[in-house]
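# Predicted coordinates and the sequence they were generated for:
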Amino acid sequence: MFQAKQFTIPEINGISAKTIEEHLKLYAGYVKHANLIQGKLNEYKSDVEKNAYVIGELNRRFAFEFDGMRNHEYYFEQLEGGQKDSMDSELTKKMIADFGSVDAWLTEFKTLCMTRGIGWAVLWYDKVTDKLINAWVDEQHLGQLNGLAFIYGVDMWEHSYLMDYTPADKKKYVESYLMATNQEVSAKRFDEAKK
């Protein structure tokens, strides 16, 4: 059974407490549905031949619910502890090596955040090539890069900003979120991924 994590999120300039509260409820729904699907799969496995189609479709849906759960855990962890920079971290050094500067990475990442449609802007680390990669994830589960470590991500589904901003103003949400994050969390993820 998956357990919903608890997050201590300080007040955020530009993102209302109501938005965070409702977003956390949505996260709890992903945890609940991941567990429900696992339970149903166990039931249907009693007759795999008869239930093959249902099992296949539940497994597809599980990927959506599970990745929604995990992506939101990364997202909310980045807000814990309030805004902190990590300018002397190994992640910062790697951003400079791979993108030319932190500002160059940030410009590219902000552009990624403005991708039309729903999904996630994610900074990944590929241990095989020793490279940082910015990539878009459609919905929760389409576009996840296999074997790569999730370093930093921004939820670009409308539920993450619609109470505070119109879709035309989502850039303001991106700026608010980026300014509120605890970069030490991403630096630690990068350090773990390098091991």
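Sure, I can see it.
# List the contacts of stretch 132-140.
Taking contacts as Cβ atoms under 8 Å, 6 or more residues apart in numbering, the residues outside stretch 132-140 that touch it are 30, 63-65, 67-68, 71, 94-95, 98-99, 105, 108-109, 112, 115, 117-126, 143-145, 148, 151, 153. Just so you know, the C-beta spots here come from the backbone N, C-alpha and C atoms, and that holds for glycine as well.
# Which of those residues fall within strands?
Using DSSP state E, the members of those that fall in strands are Gly119, Trp120, Ala121, Val122, Leu123, Trp124, Tyr125, Asp126, Ile151, Gly153.
# Tell me the one of those residues nearest Asn35?
The nearest member of these to Asn35, counting by Cβ to Cβ, is Trp120 at 22.1 Å.
# What is the burial count for the residue lying closest to the closest one once chain neighbours are set aside?
Leaving aside its sequence neighbours, Trp120 sits nearest to Val137 (Cβ to Cβ, 6 or more residues apart in numbering; 4.2 Å). Using other Cβ atoms under 10 Å, Val137 has 23 neighbouring residues.
# so what are the domain limits for this protein?
17-77, 90-194 (automatic domain parsing).
# Nearest approach to Phe2 belongs to which of these?
Phe2 lies closest to domain 17-77 among the domains of the chain, at 5.2 Å (Cβ to Cβ).
# pLDDT averaged over the closest one, what's the number?
On average, the pLDDT along domain 17-77 is 96.
# out of the ones in strands among the contacts of stretch 132-140, which is most surrounded?
Going by other Cβ under 10 Å, Trp120 tops the ones in strands among the contacts of stretch 132-140 with 28 neighbours.
# check contacts around it.
Trp120 neighbours (Cβ under 8 Å, 6+ apart): Asn71, Trp136, Val137, Gln140, Gly153, Val154, Asp155, Met156, Trp157.
# My understanding was that Ile153 contacts Leu123; is that so?
Quick fix: residue 153 is Gly, not Ile. Yes. In this structure, Gly153 is within contact of Leu123 by Cβ atoms under 8 Å, at 7.1 Å.
# Any idea which residue is closest to the centre of this protein?
Closest residue to the average C-alpha location of the chain: Asn71 at 3.3 Å, with Cα atoms, centre = their mean.
# follow-up on the earlier one: distance to Gln3 for the domains of the chain - can I get that in a markdown table?
Formatted as a markdown table, these follow (distance: least, Cβ to Cβ, whole Å):
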| stretch | distance to Gln3 |
| --- | --- |
| domain 17-77 | 7 |
| domain 90-194 | 19 |
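# wait, which of those is closest to Glu11?
Short answer: domain 17-77, nearest of the domains of the chain by Cβ to Cβ, at 6.7 Å.
# how many other residues sit next to the closest residue to Lys171 other than its chain neighbours?
Spatial nearest neighbour of Lys171, excluding adjacent residues (Cβ to Cβ, 6+ apart): Met114 at 6.5 Å. By other Cβ under 10 Å, the residues close to Met114 number 11.
# How about Lys110?
Using other Cβ under 10 Å, Lys110 has 15 neighbouring residues.
# No further queries at this time; thank you.
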